[in-house]
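S.K.: This is a predicted model, with the sequence first.
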Amino acid sequence: MLKLGVNIDHVATLREARYRGLTHGEPSPTEAARRCEVAGAHGITAHLREDRRHIQDRDLWQLRAAVQTRLNFEMANTPEIVAFALKLKPEIVCLVPERRQEVTTEGGLDVVANEQALTETRKRMNDAGIDVSLFINAIPTQIQAAAFVGAQFIELHTGRYAEYFADESECEAELQRLISGAQQAHALGLRVNAGHGLNYENLRRLHRVPHLVELNIGHSIISRALTTGLSTAVKDMLQLMSGYPGVSA
């Protein structure tokens, strides 16, 4: 069964729009996580950015206490955030690139250029019992480097697939890159997740990508929840994911 990890960052985005700098406010990312799990989500994802633009430190500690499935901690590979992750002890961390000027994460990690630093962090996480995923583009050299680093997972960046979904030829080209990337990663012993820009319109076509373990989806679920409610939004996404034929053993 293809698993769903729900990214709840934008619940915090909405809260911070009114309550930034305060230690209280609504909506609650932790309550959102509970509702997602009850609705059938297999994991909860949250990204503690260096500028703390949405998720705050306290949110992660509350989530760590509340999440009953699996907590996926998205993070930059910086000393402060690495130290925080080692204290938090999520089930898995996903290392992502981070630039202060971006609205959301754009593009994948350059694993080739940062292989030594990523390997050191991977070892520290694994020694603490934490799995490691690397958020990367479906580029052969980056996938090979992820295997050299020793990561347990990669998360294929699906942003370009989503961006070009309405353009048949461009979308098909991106889909073929994801298919090839997933096949290469699986052959190298990496487990394969995917995420970024996935929504209720483009998800079904992604079923052609083999060996996927989990999809991490946030913005589209939180957006739909404004009209349907969070539980329904999660269930609708799970329905679209049902019947996925490509989960590897």
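M.R.: On my side now, so go ahead.
S.K.: Going by C-alpha atoms from here, please, whenever you check contacts or count neighbours.
M.R.: Fine.
S.K.: buried stuff in stretch 70-89?
M.R.: 70-77, 81-82, 85-86, 88-89 (16 or more other Cα atoms under 10 Å).
S.K.: before we move on, what about stretch 160-174?
M.R.: So for stretch 160-174, counting by 16+ other Cα under 10 Å, buried means 160-165, 171, 174.
S.K.: Take these and write them to a markdown table, including secondary structure and distance to residue 132.
M.R.: What follows is the buried residues of stretch 160-174, written out as a markdown table (DSSP: H, G, I helix; E, B strand; the rest coil; distance: Cα to Cα, whole Å):
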| residue | secondary structure | distance to residue 132 |
| --- | --- | --- |
| 160 | helix | 23 |
| 161 | helix | 24 |
| 162 | helix | 25 |
| 163 | helix | 27 |
| 164 | coil | 29 |
| 165 | coil | 29 |
| 171 | helix | 29 |
| 174 | helix | 25 |
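S.K.: Could you measure from the most centrally placed residue in the chain over to residue 226?
M.R.: Nearest to the geometric centre of the chain sits residue 216, at 4.3 Å (Cα atoms, centre = their mean). In this view, residue 216 and residue 226 are 19 Å apart by Cα to Cα, to the nearest Å.
S.K.: all helices of the protein, in order?
M.R.: With helices called from DSSP state H, the chain shows them at 9-19, 29-39, 57-66, 79-88, 115-127, 140-149, 159-163, 168-187, 219-228, 230-241.
S.K.: which one of those helices lies closest to residue 211?
M.R.: Nearest of those to residue 211, taken as Cα to Cα: helix 168-187 at 6.4 Å.
S.K.: Correct me if wrong: residue 245 contacts residue 209.
M.R.: No - taking contacts as Cα atoms under 8 Å, residue 245 lies outside contact range of residue 209: 9.2 Å.
S.K.: Spit out the contact partners of the nearest residue to residue 11 once chain neighbours are set aside.
M.R.: Once flanking residues are discounted, residue 11 sits nearest to residue 29: 5.6 Å by Cα to Cα, 6 or more residues apart in numbering. Contacts of residue 29 were listed using Cα atoms under 8 Å, 6 or more residues apart in numbering, and they are 8-9, 11-12, 59, 63.
S.K.: ok, residue 151 touching residue 136?
M.R.: No - look at residue 151 against residue 136 with Cα under 8 Å: they stay out of range, at 11.8 Å.
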